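# Next input, structure requested:
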Amino acid sequence: MKKNIFVVGLDEHNHAALRALPDADQYDFHQLLIPEELQKGTISVPDLLDKAQRQLDTFNGSIDAIVGYWDFPVSMMVPILCDRFGLRSADLEAVVKCEHKYWSRLEQEKVIDEHPAFALLDLDDEHTTLPDHVAYPAWIKPIKSHSSEGAHYVENDEQLQAALELERQEVGRLGGPFGDILAMLDLPAEIAGIGGSACLVEEAATGNQVTVEGFSRAGRIEVYGVIDSISYREAPSFLRYQYPSRVPARIKDYMAEVSRKVILAVGLTNSTFNIEYFWNPETGRLRLLEVNARHSQSHATLFEMVDGVSNHKCMIDVALDRDPVLTRDEGMYGHAAKWFLRRFSDGVVHRVPAPEEIVELEQKIPGTLVEVTVDEGARLSEGFGEDSYSYVLAQIFTGGRDEAELIEKYDQCVEALKFEIEDRQEGV
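Next comes the predicted model:
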């Protein structure tokens, strides 16, 4: 009998990656809620949980696992639903300790030194200033967000005040629903009084941004991959994720050891995870950026291209209480990248590449996969989940023998993809 695995927010791209797993014939994957209702607009966690519960209650068959690879609210809905159905999953409090940015910092400073100076900021105080122990440049961010939503880079007091004004408008979209999650826990005093819509300031780190992926199960905390996050030169927005990472092996080992300490400290088990770092090769300084109690679906195709199996395999194995067996270098390519084709100003989309154009391009350039992320007629600034600086038009995956081939294939794709976008100032 096939095992029934419910995937919260299952989407077409990742469904294909799941069906490509070497043991996929043993599973039936079922969509539990659609990505749009989980990621766009103002969400209601209780309503989403109720809807998911009704779907599961009416399913005529065994429910063998409930999993997810998206950020909030999915990362926190999974342990809640698994607890209701007696399934293997991480503990909700451990997940929140990872992803509540302030609580996570408090836990980190108990066991590691590789974190930036940080502090809470009072959004109700119109005269809030940078705390004495935090220096510019810095990042202002909600205690709960995803995809850099609500994150603002500041270099002086004037920019700080402007960023705080924006935060007052933005923080409630996810802060309110996050408060619903916090209400389910017995919180320590230093967290209980904050609520879900607080704001954090952290000193900006410098260097190369790198993500560590791993899993925690039955006392085993293992890192299985390290990925580079490479930004555009003109803005702090990701240009591409690249696997495997270019950082030295000793730094990979260093990040793995720091990661184990943090995952052990927060008590995360029965879960995949990814932890983002900045490593400065000039100073040798390592700074932990954030902890996510899930693997990254953005990296799935990269692992498949290079190692032969996507990182979804670890998610499935852990959910089914099996020790993950990892593969290395068994894919078709030595290197792989996920690129973000961005526009850095607002506009209205009048044309996107047609499906037949995409198919032709992918056939012309082997080792590429193109996903257009905007629709004709859409206004870019009305989308959700973007950073504060840009709008993603397409995601482009490339596999190649080396970094140079990755870049060459991406450039060919950019030249071939024809978008027509009318300039439009934000607010007009």
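# Break this protein into its domains for me.
Split into domains by automatic domain parsing, the chain comes to 3-91, 117-202, 208-423.
# first vs last residue of the last one, how far apart are they?
Using C-alpha to C-alpha, to the nearest Å, the span of domain 208-423 from its first residue to its last is 33 Å.
# how far is that domain from where the chain is centred?
Taking C-alpha atoms, centre = their mean, to the nearest Å, the mean C-alpha location of domain 208-423 is offset from the chain mean by 9 Å.
# Quick check: which ranges of this protein have low pLDDT?
Applying pLDDT under 70 to the chain picks out residues 147-148, 384-388, 426-428.
# Could you rerun that using 80?
Applying pLDDT under 80 to the chain flags residues 40-41, 145-150, 172-174, 383-389, 425-428.
# Which strand in it has the most residues?
strand 220-231 (DSSP state E).
# Show me what stretch 73-83 is in contact with.
Stretch 73-83 has contacts (C-beta atoms under 8 Å, 6 or more residues apart in numbering) with 8-9, 38, 43, 45, 48-49, 52-53, 56, 66-68, 87-92, 95-96, 99, 177, 181, 184, 292-294. All C-beta atoms are positioned from the backbone trio N, CA, C, and that covers glycine.
# Take these and keep only those in helices.
Judged by DSSP state H, the contacts of stretch 73-83 include 38, 45, 48-49, 52-53, 56, 92, 95-96, 99, 177, 181 as members of helices.
# Could you pull up the contacting residues of Val262?
By C-beta under 8 Å, 6+ apart, Val262 lies in contact with 107-108, 111-112, 275, 288, 291.
# Now, of those residues, which are buried?
Neighbour-count burial (16 or more other C-beta atoms under 10 Å) applied to those gives 107-108, 112, 275, 288, 291.
# among the residues you listed, which two are most distant?
Glu107 and Ile275 (12.7 Å; C-beta to C-beta).
# With Ala256 as the reference, measure out to the closest residue to Ser216 other than its chain neighbours.
Excluding the flanking residues, the one nearest Ser216 by C-beta to C-beta, 6 or more residues apart in numbering is Thr269, at 4.8 Å. Thr269 is 17 Å from Ala256, where distance means C-beta to C-beta, to the nearest Å.
# Would you confirm that Glu202 contacts Ala138?
Yes. Using C-beta atoms under 8 Å, Glu202 is in contact with Ala138, at 6.2 Å.
# Which parts of the stretch 51-200 of the chain are strands?
Along the stretch 51-200 of the chain, counting by DSSP state E, counting those that start in this stretch, strands occupy 65-67, 118-121, 138-142, 152-154, 199-203.
# Mind listing what's buried along the first one?
Taking 16+ other C-beta under 10 Å as the basis for neighbour counts, the residues of strand 65-67 that come out buried are 65-67.
# Off-centre distance for that strand?
18 Å.
# Identify all contacting residues around that strand.
With contact meaning C-beta under 8 Å, 6+ apart, strand 65-67 is reached by 3-8, 32, 56, 78, 81-82, 85, 87-89, 315-316, 319-320.
# for the last one, same thing?
Applying C-beta under 8 Å, 6+ apart, the contact partners of strand 199-203 are 101-102, 105, 116-121, 123, 130-131, 134-135, 137-143, 164, 167, 171.
# Go again with 6 Å.
Strand 199-203 is touched from outside by 101-102, 116-119, 121, 123, 134-135, 138-143, 167, with contacts defined as C-beta atoms under 6 Å, 6 or more residues apart in numbering.
# What is the neighbour count of Glu93?
Using other C-beta atoms under 10 Å, Glu93 is surrounded by 17 other residues.
# same thing with His127?
Neighbours of His127 using other C-beta under 10 Å come to 6.
# Ok, Phe85 next?
15.
# check contacts around it.
Phe85 makes contact with Ile63, according to C-beta under 6 Å, 6+ apart.
# Show me which parts of the longest helix belonging to the chain are buried, residue by residue.
Assignment by DSSP H gives helix 249-266 as the longest helix of the chain. By neighbour count on 16+ other C-beta under 10 Å, the buried set for helix 249-266 is 251-252, 254-256, 258-260, 262-263, 265-266.
# between the helix or strand following it and strand 220-231, how big is the angle?
Counting by DSSP states H and E, the next helix or strand C-terminal to helix 249-266 is strand 271-279. Interaxial angle, strand 271-279 versus strand 220-231 (axes from the mean of the first three to the mean of the last three C-alpha atoms, to 10 degrees): 50 degrees.
# can you count the residues close to the spatially closest residue to Glu304 that is not a sequence neighbour?
Distances taken as C-beta to C-beta, 6+ apart put Ser310 closest to Glu304, at 4.3 Å, once the chain neighbours are dropped. Residues near Ser310, counting by other C-beta under 10 Å, number 25.
# Look at Ser310 and tell me its secondary structure.
Three-state assignment for Ser310 (DSSP: H, G, I helix; E, B strand; the rest coil): coil.
# Return the residues in contact with His100.
Contacts for His100 were tallied using C-beta under 6 Å, 6+ apart; they are Ile143.
# quick thing: my sequence starts at 59, can you match it?
All right, first residue 59 from here; so that's His158.
# Over to Arg352: give its phi and psi.
Per-residue torsions, Arg352: phi -170, psi 160 (degrees, to the nearest 10).
# can you tell me how far the closest residue in space to it that isn't next to it in sequence sits from His204?
Nearest residue to Arg352, sequence neighbours excluded (C-beta to C-beta, 6+ apart): Ser133, at 4.9 Å. Distance of Ser133 to His204, given as C-beta to C-beta: 9 Å.
# How about residues contacting stretch 355-370?
In contact with stretch 355-370 (C-beta under 6 Å, 6+ apart) are residues 72, 75-76, 127, 285, 299, 301, 353, 385-386, 388-389, 391, 394, 396, 455, 457.
# same deal with stretch 109-116?
90-91, 139.
# and of those residues, the nearest to Gln483?
Of all the contacts of stretch 109-116, the one with the least separation from Gln483 (C-beta to C-beta) is Leu91, at 35.4 Å.
# need the contact list for that closest one.
Counting by C-beta under 6 Å, 6+ apart, Leu91 touches 66-67, 110.
# For Gly435, state which of the residues you listed is nearest.
Nearest member of these to Gly435, counting by C-beta to C-beta, is Gly67, at 24.6 Å.
# Cross-check the contact I'm expecting between the closest one and Lys98.
No. Using C-beta atoms under 6 Å, Gly67 is not in contact with Lys98, being 11.4 Å away.
# With neighbour numbers in mind, choose between these two.
Shown here are Gly67 and Lys98; by other C-beta under 10 Å, Gly67 has more neighbours (22 against 11).
# In contact with that one, which residues are there?
Counted by C-beta under 6 Å, 6+ apart, Gly67 has contacts 91, 93, 96, 128, 132.
# Alright, calling it a day.
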